[in-house]
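>>> Here you go, sequence then predicted model.
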Amino acid sequence: MYMDYSRYGESGIRILFGNTIDLETSKEIRKFYLFLKSLQRPDVIDIIPSFRSCLIHFNNRRTSYDDFISFLMDKAGEIALIKVPEPRSHEIPVQYGGEYGPDMEFVCSYSGLNEEEVIEIHTSTVYTVFAVGFMPGFPYMGTLDKRIFVPRLETPRLKVPEGSVGLAQLQTGIYSFESPAGWRIIGKTSIQLFNPMEEPYSLLRMGDLVRFIPV
């Protein structure tokens with residue numbers, strides 16, 4: 001397992017697992033995250049997985065950067081053998097276009113496709129949740145079909161509704177709360193992605209598989 005360690009502030013360690021966003025890198029990050037989380041070390045404050053890296057925030061009164069790196073290097077072989085659970089699968093219903101997809105016209109113009117073709121392409125892929133962030137429950141999913149690749153908005157909208165489904169470059173995502181948005185919005189779902197009153201709070205987790213269903 002490739003792991004490149006670097007210091008991140010006074011009490012952080014950033015571990016890079018690869019140079020590209022892909023399924024293999026995501027699997028290695030998920031494996032590392034689940035292993036470290038299972039140890040429930042009292043000197044670990046938080047573990048934040050991302051596209052190509054994992055950030056560990058440690059308590060520098062209980063351990064040091066060098067000691068933690070030594071521990072991780074000792075455990076590298078053990079981590080490599082970890083079996084990750086099978087990913088959970090989700091079907092997300094989406095109302096596409098019209099008032100729910102204010103950027104659908106732009107996506108069609110940019111791609112040279114009509115609305116039906118954009119919807120067919122977007123719903124024909126099973127996406128992997130590479131990371132959850134930006135806001136609680138927001139899933140970064142890929143990899144988007146290159147035929148519907150679109151750039152972000154030059155000027156983000158000040159507000160889009162909760163459940164808005166967007167595209168940005170080779171990713172797709174869902175806004176878990178009403179918020180500003182820089183992605184191209186093509187539809188909306190009624191599914192609640194984050195519930196602060198019920199664990200595990202976020203519906204989608206790193207490694208989950210998602211398929212969109214047009215309604």
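Nice, I can see it.
>>> now this protein, which segments are flagged as low pLDDT?
Of all residues in the chain, those with pLDDT under 70 make up the ranges 1.
>>> Can you show me the helices along it?
23-39, 65-80, 104-111, 115-123 (DSSP state H).
>>> ok, and for the second one, which residues are buried?
Residues of helix 65-80 classed as buried: 65, 68, 69, 72, 79 (neighbour count, 16 or more other Cβ atoms under 10 Å). For glycine as for every other residue, the C-beta is placed from the backbone atoms N, C-alpha and C.
>>> Now do it: which elements does it pack against?
When contacts are defined as 3 or more Cβ pairs under 8 Å, 6 or more residues apart in numbering; DSSP states H and E, helix 65-80 packs onto strand 4-7, strand 12-16, helix 23-39, strand 53-58.
>>> Quick one: distance of the longest strand belonging to the chain to the chain centre.
Longest strand of the chain, by residue count under DSSP state E: strand 89-96. Strand 89-96 sits 16 Å away from the centroid of its parent chain (Cα atoms, centre = their mean, to the nearest Å).
>>> tell me the angle that strand makes with helix 115-123.
Taking axes from the mean of the first three to the mean of the last three Cα atoms, to 10 degrees, one finds strand 89-96 and helix 115-123 inclined to each other by 160 degrees.
>>> Starting from strand 89-96, tell me which strands it pairs with and how they run.
strand 184-188 (antiparallel), strand 209-214 (parallel) (DSSP bridges).
>>> Extract the CA atoms of that strand and return them as PDB.
Extracted C-alpha coordinates of strand 89-96, given in PDB (Å, rounded to 0.1, in the frame of the first residue of the first chain):
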ATOM      1  CA  SER A  89     -26.200   0.400  -2.700                       C
ATOM      2  CA  HIS A  90     -28.700   3.200  -2.900                       C
ATOM      3  CA  GLU A  91     -31.300   4.300  -5.500                       C
ATOM      4  CA  ILE A  92     -31.900   8.000  -5.500                       C
ATOM      5  CA  PRO A  93     -35.100   9.200  -7.200                       C
ATOM      6  CA  VAL A  94     -34.600  12.500  -9.200                       C
ATOM      7  CA  GLN A  95     -36.900  15.000 -10.900                       C
ATOM      8  CA  TYR A  96     -34.900  16.300 -13.800                       C
END
